[in-house]
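Trainee: Could you work out the structure for the sequence below:
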Amino acid sequence: MPETYQFNALAAPIPIMAARWPEDDPYAAQIFFQNERFTELYGSLRGQSLIDLFDEILKSSEIRSSLRGSDMLDDLLKDGKIQYDYGLLSRKRVGLFAWLDDESPKTIQLTLFDTTHHYIDVLTDIPRRELFFDRLKIELLRAVREKTEVHLCFLDLDGFKPINDSLGHHAGDDVLKEVARRLKGLVRRHETVARLGGDEFIVMLSGFDIDPLHYAQSKIIPMLNAPYLVEGHSIETMGVSIGIASFPKFAAKADELLTYADDAMYEAKARGKNQAVLFDPMMLGSKHL
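Mentor: Okay, the predicted model is just below:
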């Protein structure tokens, strides 16, 4: 690696590393350089195989999990650079930009961007909308292949605003974190809980013989109705309105499924709140305050 580049890389505010290989075997490339910012975020990877690093990132990829590290390296050697958003490294979601170094033969330079904030809600530590849609699309493909179902439960908290108004936003944040924790405890490993924004959450269920209405009524609502202890106050007035939409019964695409679940949630609000409602085509476009 050129001395000038290494000096600049050491001082860079973004994580940078480099790998090189002996003789004519790029598949034997090992990481030999990383700057302080890289070590701070991801630890020391010196001496690790570049393909192993690619495999580690790909292992937790939401969309391209069928690829291997060698496939990524093939793309890099063929096109001269790769730029992808992939999976996790040191529990951080990363975007990877890698290119062949023209000044240093047999060397690959890499920059990693921490993209966690695009995918994981910082407050509740659950997926945001973008990652939720990635997972939903994967589950819809699985449902087609395995002839199963996917159900979305769209949740809007009832009585959340008065908590913010009376106890402050810190208390409201604590309630949202507790809601996320309770919901995560209800789902199986392949299912997803996400925060869409504000006090709106989504629970995605998938598999055989699921009764989503019974699930919402017997599990989600009682779980979220249970008291919340926040800053010395016991909050016992929280409710939740839930709209449910199912694939393939009514919706054929991810965005339709979410829209229909949203319509059903507004219907639950209109019927008196703190209840669950299944989507019906008659609800299309009829949202209520």
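
Trainee: which residues are in contact with stretch 208-218?
Mentor: The contact list for stretch 208-218 (CB atoms under 8 Å, 6 or more residues apart in numbering) reads 148, 149, 151, 153, 205, 242, 244, 246, 275, 276, 278. Backbone N, C-alpha and C define where each C-beta goes, glycine included.

Trainee: Put together a markdown table for those, with neighbour count and distance to residue 218 on each row.
Mentor: Formatted as a markdown table, the contacts of stretch 208-218 follow (neighbours: other CB atoms under 10 Å; distance: CB to CB, whole Å):
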| residue | neighbour count | distance to residue 218 |
| --- | --- | --- |
| 148 | 16 | 21 |
| 149 | 18 | 18 |
| 151 | 24 | 14 |
| 153 | 26 | 12 |
| 205 | 23 | 13 |
| 242 | 27 | 12 |
| 244 | 23 | 13 |
| 246 | 20 | 17 |
| 275 | 17 | 12 |
| 276 | 24 | 10 |
| 278 | 21 | 15 |
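
Trainee: Tell me the one among those residues nearest to residue 128.
Mentor: Proximity of those to residue 128 (CB to CB) peaks at residue 153, which lies at 17.2 Å.

Trainee: doesn't residue 221 make contact with the closest one?
Mentor: No. At 10.3 Å, residue 153 and residue 221 do not qualify as touching, with contact defined as CB atoms under 8 Å.

Trainee: Please identify every residue contacting each of these two.
Mentor: With CB under 8 Å, 6+ apart as the test, residue 153 and residue 221 both reach 242, 276.

Trainee: ranges for the helices of the stretch 51-200 of the chain?
Mentor: Listed in chain order, the helices of the stretch 51-200 of the chain (DSSP state H, counting those that start in this stretch) span residues 69-79, 116-119, 129-146, 160-167, 169-184.

Trainee: Lowest mean pLDDT across these, which one is that?
Mentor: For the helices of the stretch 51-200 of the chain, mean pLDDT drops lowest on helix 116-119, to a mean of 77.

Trainee: Who are the packing partners of that one?
Mentor: Using 3 or more CB pairs under 8 Å, 6 or more residues apart in numbering; DSSP states H and E, the elements in contact with helix 116-119 are strand 92-100, helix 129-146.

Trainee: For those, state which one has the densest average packing.
Mentor: strand 92-100 (a mean of 18; mean count of other CB atoms under 10 Å).

Trainee: for residue 222, what are its contacts?
Mentor: Applying CB under 8 Å, 6+ apart, no residues contact residue 222.

Trainee: what pLDDT does it get?
Mentor: Confidence score, pLDDT, at residue 222: 97.

Trainee: With residue 269 instead?
Mentor: 96.

Trainee: ok, the nearest residue to it once chain neighbours are set aside - contacts?
Mentor: Closest residue in space to residue 269, ignoring its immediate chain neighbours: residue 241 at 4.8 Å, by CB to CB, 6 or more residues apart in numbering. The contact partners of residue 241, taken as CB under 8 Å, 6+ apart, are 155, 156, 158, 265, 268, 269, 273, 274, 275, 276.

Trainee: This protein: strands as residue ranges?
Mentor: 16-20, 30-34, 81-89, 92-100, 107-114, 149-158, 192-197, 200-207, 228-230, 233-235, 239-247, 276-278 (DSSP state E).

Trainee: partners of the last one in the sheet?
Mentor: Looking at strand 276-278 with DSSP bridges, its paired strands and their directions are strand 239-247 (parallel).

Trainee: For residue 202, name its beta-bridge partners.
Mentor: residue 154, residue 194.
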